[in-house]
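*Asks:* Structure, please.
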Amino acid sequence: MIEKIDNTPKNKKSLSVVRYFILALILLYIPGFTLTYFNGTLSSIFSYLSYGLILIYTIYHGKSGNNYWMIIIGLLYFLIGSVVNQEYMPEIKYFTIIMIKYFIIIIGGYEVMKRTSSKEMWFFMLLGALSILGNMFLFNDPKADYGRYSGFYLDPNNGGLICIMGYALSFAMPKKIRFIGKLLFTILGLFTFSRTFIVTWLIINVLSIRLDIKNAKMLFAGFAILSTLVIYNEFLPVKNARLEQIGAIISSDNDSSSPNKINKDSRWDTWKRYFPALSDKPIFGNGYMAFDGNGVAPPVGVHNTYLLIWGESGIFPILIFIYYLITLFKYGIYYFKDIPFSLMMLISLTLFLMTNHNFFNTDYSLLLILWIDIQLKNKKDKLSKELNFT
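*Replies:* The predicted structure is shown next:
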């Protein structure tokens with residue numbers, strides 16, 4: 001075990017600064033953003049700086065726990081995937097770096113997230129969401145879908161994840177800023193035009209009514225915002241395809257072209273491309289990166305983390321991962337009234353993983369699941385201490 005070196009107030013302040021740098025670099029996806037909009041050298045500097053700072057933070061703060069579930073899942077995924085089939089494997093050096101980065105995040109990042117409050121997480125989610133405004137006016141990606149924005153996160157679905165996480169965290173904020181926060185995250189999330197964001201937003205708001213019937217007003221506010229965007233879309237010289245789809249649903253438009261537009265980018269069609277490979281090798285999988293864009297069904301990846309784990313490393317890692325999520329859900333439901341944002345964030349992340357296959361090398365997603373786990377564990381420990389005390 002790594003021992004703590006210094007615990008003076010001055011050192012604590014310095015460690016907090018280091019932690020804020022780590023959170024900014026990873027939660028705002030600075031390395032990926034700089035790679036796209038600046039250059040690879042700057043991106044590499046920020047990337048290795050984030051991992052280096054995590055190591056420094058962990059060494060100086062000391063280890064106080066681990067998420068053994070994610071350690072086991074990562075070990076099984078990387079080891080089984082790299083052994084069963086090496087046809088799609090990258091160079092061993094590249095693979096080793098990816099694996100090391102994963103475990104730095106899971107083991108070292110645990111200490112960072114353990115000391116990060118809900119207010120701090122909300123603040124960084126807000127910064128990330130506000131970058132969508134920058135994407136709209138300052139650094140619009142010409143390769144992106146017209147009218148869809150992602151901020152620092154390069155992909156609208158990823159931007160939508162940050163917005164829905166911030167929305168969920170707004171329930172942990174003081175009442176004075178809670179509604180404003182939810183409104184901001186709703187507006188910015190809608191600008192991603194992520195279907196996953198919209199579906200998750202609806203689920204969270206329906207769920208929030210269990211806390212207070214007054215929360216229903218956000219459903220009306222969201223519908224009003226979305227209707228305004230649909231009307232605005234009608235006056236644009238080039239219409240946003242997603243808004244056309246939503247407008248057709250709202251107006252019950254029976255235009256035969258509407259279903260085709262809705263199904264054009266269907267995730268189900270993407271998943272089906274990988275079903276033959278999945279059924280062919282269900283026990284130990286098809287090997288690492290087999291379900292990536294250059295694997296068994298090019299040119300697109302599977303866009304589903306659950307299928308990725310199963311398809312690349314077999315049935316055992318995916319069963320453990322699903323069992324782990326079920327365990328989190330059990331505690332999330334049990335503690336819902338006390339820390340509702342944990343269950344809301346868990347729902348958001350699990351739905352997001354159905355549309356994304358980069359979970360193991362997307363650091364902010366890994367930090368998010370660590371933080372959710374820690375919040376539930378802290379609540380459990382706190383209640384256990386209270387019961388023992390009484």
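
*Asks:* what about stretch 31-47, how long is it end to end?
*Replies:* 5 Å (CA to CA, to the nearest Å).

*Asks:* Pull the residues that contact it.
*Replies:* For stretch 31-47, contacts defined as CB atoms under 8 Å, 6 or more residues apart in numbering pick out 25, 30, 50, 139, 141, 152-154. For every residue, glycine as well, the C-beta is placed using N, CA and C.

*Asks:* one more time with 6 Å, if that's ok
*Replies:* 25, 30, 139, 152, 154 (CB atoms under 6 Å, 6 or more residues apart in numbering).

*Asks:* Drop anything exposed from these.
*Replies:* 25, 30, 152, 154 (16 or more other CB atoms under 10 Å).

*Asks:* and these as CSV, adding distance to residue 338?
*Replies:* Output for the buried ones among the contacts of stretch 31-47, formatted as CSV (distance: CB to CB, whole Å):
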residue, distance to residue 338
25, 31
30, 34
152, 32
154, 36
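
*Asks:* Quick one: neighbours of residue 149, just the number.
*Replies:* 24 (other CB atoms under 10 Å).

*Asks:* mind checking which helix or strand the closest residue to residue 195 other than its chain neighbours is in?
*Replies:* Closest residue in space to residue 195, ignoring its immediate chain neighbours: residue 242 at 7.6 Å, by CB to CB, 6 or more residues apart in numbering. According to DSSP states H and E, residue 242 maps onto helix 241-250.

*Asks:* just to confirm, which helix or strand has residue 75 in it?
*Replies:* helix 68-84.

*Asks:* how far out from the middle of the chain is that helix?
*Replies:* Helix 68-84 has its C-alpha centroid displaced from the chain centroid by 20 Å (CA atoms, centre = their mean, to the nearest Å).

*Asks:* mind listing what's buried in that helix?
*Replies:* 69-70, 73-74, 76-78, 80-82, 84.

*Asks:* now swap in stretch 100-120 and tell me
*Replies:* Buried residues in stretch 100-120 (16+ other CB under 10 Å): 101-102, 104-114, 116, 118, 120.

*Asks:* got a list of contacts for it?
*Replies:* 19, 22, 51, 54-55, 58, 61, 66-67, 70-71, 74, 169, 172, 360, 363, 366-367, 370-371, 374.

*Asks:* How about stretch 210-226?
*Replies:* Taking CB under 6 Å, 6+ apart as the rule, stretch 210-226 contacts 182, 186-187, 205, 208-209, 340.

*Asks:* same thing but at 10 Å, please
*Replies:* Where contact means CB atoms under 10 Å, 6 or more residues apart in numbering, the residues beyond stretch 210-226 that reach it are 167, 170-171, 178-179, 182-183, 186-187, 189-190, 198, 201-202, 204-209, 243, 246-247, 250, 336-337, 340.

*Asks:* Compute the first-to-last residue distance for it.
*Replies:* 24 Å.

*Asks:* so how far is it from its chain's centroid?
*Replies:* Counting by CA atoms, centre = their mean, stretch 210-226 comes out at 24 Å from the chain centroid.

*Asks:* Check stretch 156-171 too.
*Replies:* Per CA atoms, centre = their mean, the centroid offset for stretch 156-171 relative to its chain is 8 Å.

*Asks:* sorry, back to before: filter the buried ones among the contacts of stretch 31-47 down to the ones in strands?
*Replies:* In strands, defined here by DSSP state E, there are no members of the buried ones among the contacts of stretch 31-47.

*Asks:* Serialize the residues you listed to JSON lines and add fields for pLDDT and distance to residue 321.
*Replies:* Shown next, in JSON lines, are these (pLDDT from 0 to 100; distance: CB to CB, whole Å):
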{"residue": "25", "pLDDT": "98", "distance to residue 321": "26"}
{"residue": "30", "pLDDT": "97", "distance to residue 321": "28"}
{"residue": "152", "pLDDT": "95", "distance to residue 321": "27"}
{"residue": "154", "pLDDT": "91", "distance to residue 321": "25"}
